[in-house]
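Enquirer: Using only what follows, build the 3D model:
(chains A, B and C)
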Amino acid sequence: MIGQPPLLEIKDLSVHFRVYGGVLRVLDGVNFHVQAGEKVGLVGETGCGKTTAMKAILRILPEPQAVVPQGEIRFKGEDILKMKPDRLRKLRGKGISMVFQDPTAALNPVFTVGQQLDPIIRHASSENHKLSRQEVRQRSSVPLREVALADPERLLRSYPIQLSGGMRQRVCIGMALATNPELLIADEPGTSLDVTIQDQVLRLLHDLVERKGTSVILITHTLGVVRETTDRLYVMYAGSMVEVAPTQRLFASPLHPYTQGLMASVPRLSGGGVAHGIPGRIPTYLSPPSGCRFHTRCPHVMDICRKEKPPPFQVDDQHAVACFLYKDGGGATSRVPQ
Amino acid sequence: MTEDILIIEGLKKHFTIGHHGVVRRKPITVKAVDGVSLKVRRGETFGLVGESGSGKSTIAYITVGMYQPTAGTIYFEGADLFTNGRTRPAALRKQIQIVFQDPGSSLNPRRTLRQILELPLRIHQPDTDPLMEAMRLLDLVELPFEYLHKYPQMLSGGEKQIVAIARALATKPSLIVLDEPTSALDVSVQGKIINLLIRLQREFDLTYLFITHDLSLMRNLASRVGIMYLGKLCEVAETATFFQNPQHPYTQMLLSSIPVISEAEEALKPAKIVSTGEIPSPVDVPLGCSFHTRCPHVMDICRQVDPVMVETGSGHIARCHLFEQPAELVAGFHPELAHTGAVQ
Amino acid sequence: MTHQAEAREFAPTLTRSRVRELERKNRLDNLGRAWYKFSRNPLSIVGAATVLIVTLLAIFAPFVAPYPEHVKPFTDFANASLPPSLTHAFGTDEIGRDILSRVIFGFRDALLMGVTVLALVVPVGVLLGLVAGYFHGTRIDTVIMRLTDIFLAVPPLVLALAIASVLKPNLFNAMMAVSLMWWPWYTRLVYGLTSALRNEFFVASAETLGASTSHILFRELLPNMVSPIFTKMSLDMGWVIIIGSMLSYVGLGVQPPKPGLGTMVASGAKFLPDLWWISIFPGLAIVVVVLGFNLLGDGLRDLFAAEEI
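Expert: Numbering: from 1, shown residues only, chains lettered A, B, ... in the order given. Predicted structure coming up:
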């Protein structure tokens, strides 16, 4: 896996939005990559820009407010940002597919599941002739069976409102995987679901992806969700990646003060009270802080943090931290007492 | 004074959401709450846990007066909350307040914080200066005074929820019902809110009925926990006992599914019970024990008879056939019966 | 930690005047933001400008019109039926009256009709809609909405014509007729909005706190509906003006010699196509006014529907 060019690579991506009052400088030089067959997690809280980054990949940012002043998004070497509309259309669905956060909103309430699967099956088919309704119906049962939904025939005739939340999310996953994409982006796939159903859905996603060899970007703001389902983890704050490491490494020794604050904020099953969280709030993108965007809330802020933005420093094989505390690299131990 | 400030007795809430058929018009009923009894002690934080369809939010809304019970009632400090039906006397009304789950829709986007906070002050403290009292409320929750002129959209999710808490405090209540107050917030903000709630509880001797689905949070906040499934209580226990010795199969299933972030915590979870199948819809509650369709320990009796709540330890009650004594079993179980007999 | 250790010093640092100042700044900021969103679409600006110009012309008609006396009974056969020229920009009609002046005064009646009808219809319609929506499912709801349905069941123009023909034909009665058939639309609109909004948590919160019904209707619910109501009002101005013109055209509204736009179109119709300017200019004036209000209304709708990033 290592040594091969990445399946998806985001290089130095910036995304701004033009609004009343100025420009929202949301993404500020994002670097991110996914290897073929990898499952990468992206952890970040509300407003960190993770959804913006994913929308940039599929080029579904709101025009005309969104502006991409710099950066590249390369999928198998090709820059998505420069693709022509035709090529882009082929890419969406076949190359990269997305599962959205709220399955209720992602499914059109006035069409049956079958009617919504129809265009996807047609888009995915490699045949040159127009598929007959019979053929489409046959092929439609396949993705539904793959997501462990019983009685696909009845489901194809059902409307989204007749299904439970978990079933809807599974339909969305099925739809996203129906085209056999090489990369699946799952945006908070379990957030609106109950914890037992979320467990089921994530488990299913994991199995499916293993079986098909799909690469996955799993976005979430809940740390617990990614622990068992990803190989590598990015942590995002206010528009850039602050830390990246193999998943077990990150949980065992989080280095960036934000990551540490995040981990410390999660209530423990072992008891011990509720931590105080991270003081302050996320900065406004209209006039973000100079230098490191986290410096206003960082317990270990130094002078240089206010002036310069820290680049990612390689601390270990595959573990990088964008923090001046680790300027000189440094072994497997954390500089900061936890 | 550790008496019971809130006593819920046999509470039922059924909603009719439509009718079957054209001629006979059989009503379709959602049994959101179907016979719940529990007691909340003054000064404690009682955690009510459950998934969607469990009825936990409905209990919250009934307690606060938004819904009228279909059967059963609730006593607050000994007084029946529903003697006058829809109209609750102002004196009782101010004692019980609620903080809703979604801070985005619980604050009117067209009103400034000043107007939002002054509303309860004007109603319940008409002889005081509303502006001064509004400032006092903001001070209590450690928000800057300048926020008074802001609209809710200008605040972050956490700040909005803090305002909702301040508003609940405006009437000087004794009991605050919190319906998933931090579920919509990021974890780094959650801590601030929870610690604020803890401080306020100490300062004003408040009792909390805390509703959530986040069991890890419950572990660190509640003094007692009750778990609900499809409108009925399954298990109630002191927090430590609840987590160390969960009795009901549903509790065990729930605990085994929690996403945790450390191996140490993983070891504390009960053995993995993979949940199969869907949560039944509250319109179509299975006969017998409502959990039997997903229960790994299901027995014949479970499909026919709804279990009774029994005491399995000091202060620990559970509603499951696994814990019933033979005498109780015989009393309820008739193999030839084809329908459930609610032995309550 | 004991209670005492946590007691804080309450030091209110905010004065009343500072609060007022901040709230004023807030309002200005909101207006600025609204203008920014509104001005994204140039057509909305065109609409707003048109409405503004027409309104100013209407208000200052006696000072702006070149021949203000021509709107009163007046004849000048020497200068009759003149085509558009430098002295008479829109020409003169068959008895010598300057058409430009009459059109400017015609704006007066058109706007007056629009404003009056809306001033009557909006409060009544909105109030009924609020009450019916809030008490959704009760008898009040049924009574109000069935009444609304009855009024809506009659074809609007037929109703207006029927009423206007029973009463003496003049502007005032035309306004009454139009009002009677217009209010149900606002009730319908507000009923739908209220029924949706009343399940929001902030309404439940106000109820739990013990707020009175009138507070909830007018202070909690109504402010959230201002946007669709204003949009509809702007678009309605155009409609009312058209219907008023139609009534005048068939002789049930503004009576000659008063300068109603529809009346002028009617009385000039028999001279088409030779003396085209007598009908066409008043007709164009109607188009301009209605178009202006429509563009403004569309702009308002886009403004209120715009998503925040």
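Enquirer: Secondary structure element holding C:Leu52?
Expert: Element membership for C:Leu52, per DSSP states H and E: helix C:42-59.
Enquirer: so, in contact with chain A or not, that helix?
Expert: No - against chain A, helix C:42-59 shows no contacts by C-beta under 8 Å from any C-beta of the partner chain, the least distance being 14.1 Å. Where you see a C-beta, it was placed from the backbone N, CA and C, and this is true even at glycine.
Enquirer: low-scoring stretches of the stretch 1-150 of chain B, by residue?
Expert: Confidence mapping of the stretch 1-150 of chain B against pLDDT under 70 gives the ranges B:1-2.
Enquirer: residue boundaries of the strands in chain A?
Expert: A:8-19, A:22-34, A:39-43, A:66-75, A:78-79, A:96-99, A:183-187, A:215-220, A:232-237, A:240-246, A:313-316, A:319-321 (DSSP state E).
Enquirer: Minimum distance to C:Val54: which of these has it?
Expert: If you check each of these against C:Val54 by C-beta to C-beta, strand A:8-19 wins as the nearest, at 32.6 Å.
Enquirer: helix or strand for C:Arg33, which one?
Expert: Mapping C:Arg33 onto the secondary structure by DSSP H and E places it in helix C:16-38.
Enquirer: Just give me the neighbour total for whatever residue of chain C ends up closest to chain A.
Expert: In chain C, the residue that lies nearest chain A is C:Tyr36 (4.1 Å; C-beta to the nearest C-beta). C:Tyr36: 14 surrounding residues under other C-beta atoms under 10 Å in any protein chain shown.
Enquirer: Likewise for C:Asp149?
Expert: Residues within reach of C:Asp149, counting by other C-beta under 10 Å, total 12.
Enquirer: Check the gap between it and C:Asp141 for me.
Expert: Note on C:Asp149: its distance to C:Asp141, by C-beta to C-beta, to the nearest Å, is 12 Å.
Enquirer: repeat for B:Glu51
Expert: For B:Glu51, the distance to C:Asp141 (C-beta to C-beta) stands at 35 Å.
Enquirer: The residue lying closest to B:Pro103 once chain neighbours are set aside: what secondary structure?
Expert: Spatial nearest neighbour of B:Pro103, excluding adjacent residues (C-beta to C-beta, 6 or more residues apart in numbering or on different chains): B:Lys160 at 3.5 Å. On the three-state scheme (DSSP: H, G, I helix; E, B strand; the rest coil), B:Lys160 is labelled helix.
Enquirer: for chain C, what are the nearby residues on chain A?
Expert: Contact residues, chain A versus chain C (C-beta under 8 Å from any C-beta): A:17, A:19-21, A:24, A:62, A:65.
Enquirer: Can you add pLDDT and give those residues back as TSV?
Expert: As requested, the residues of chain A next to chain C are arranged in TSV below (pLDDT from 0 to 100):
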residue	pLDDT
A:Phe17	92
A:Val19	85
A:Tyr20	82
A:Gly21	80
A:Leu24	91
A:Pro62	86
A:Gln65	85
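Enquirer: what about the strands in chain B?
Expert: Ranges of strands within chain B are B:4-20, B:26-41, B:45-50, B:71-76, B:79-80, B:96-99, B:175-179, B:207-212, B:224-229, B:232-238, B:309-313, B:316-319, based on DSSP E.
Enquirer: I'd like those strands laid out as JSON lines, including distance to chain A and mean neighbour count.
Expert: Output for the strands of chain B, formatted as JSON lines (distance: least, C-beta to the nearest C-beta, whole Å; neighbours: other C-beta atoms under 10 Å in any protein chain shown):
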{"stretch": "strand B:4-20", "distance to chain A": "13", "mean neighbour count": "17"}
{"stretch": "strand B:26-41", "distance to chain A": "14", "mean neighbour count": "19"}
{"stretch": "strand B:45-50", "distance to chain A": "9", "mean neighbour count": "26"}
{"stretch": "strand B:71-76", "distance to chain A": "26", "mean neighbour count": "17"}
{"stretch": "strand B:79-80", "distance to chain A": "33", "mean neighbour count": "13"}
{"stretch": "strand B:96-99", "distance to chain A": "16", "mean neighbour count": "27"}
{"stretch": "strand B:175-179", "distance to chain A": "14", "mean neighbour count": "25"}
{"stretch": "strand B:207-212", "distance to chain A": "11", "mean neighbour count": "25"}
{"stretch": "strand B:224-229", "distance to chain A": "11", "mean neighbour count": "25"}
{"stretch": "strand B:232-238", "distance to chain A": "12", "mean neighbour count": "24"}
{"stretch": "strand B:309-313", "distance to chain A": "19", "mean neighbour count": "16"}
{"stretch": "strand B:316-319", "distance to chain A": "18", "mean neighbour count": "22"}
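Enquirer: how about those strands in TSV, adding distance to chain C?
Expert: Converted to TSV, the strands of chain B look like this (distance: least, C-beta to the nearest C-beta, whole Å):
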stretch	distance to chain C
strand B:4-20	12
strand B:26-41	16
strand B:45-50	17
strand B:71-76	14
strand B:79-80	17
strand B:96-99	6
strand B:175-179	9
strand B:207-212	14
strand B:224-229	21
strand B:232-238	23
strand B:309-313	30
strand B:316-319	30
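Enquirer: Mind putting the strands of chain A into TSV with mean neighbour count and distance to A:Gln200?
Expert: As requested, these are exported to TSV (neighbours: other C-beta atoms under 10 Å in any protein chain shown; distance: least, C-beta to C-beta, whole Å):
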stretch	mean neighbour count	distance to A:Gln200
strand A:8-19	19	28
strand A:22-34	20	25
strand A:39-43	25	18
strand A:66-75	17	31
strand A:78-79	14	36
strand A:96-99	24	15
strand A:183-187	24	15
strand A:215-220	24	16
strand A:232-237	25	22
strand A:240-246	24	26
strand A:313-316	18	35
strand A:319-321	24	32
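Enquirer: Ok, which of those strands comes nearest B:Thr128?
Expert: Ranking the strands of chain A by proximity to B:Thr128 (C-beta to C-beta) places strand A:8-19 first, at 40.4 Å.
Enquirer: close to chain B, is the closest one?
Expert: No - with C-beta under 8 Å from any C-beta as the measure, strand A:8-19 is seen stopping short of chain B, the closest distance being 13.3 Å.
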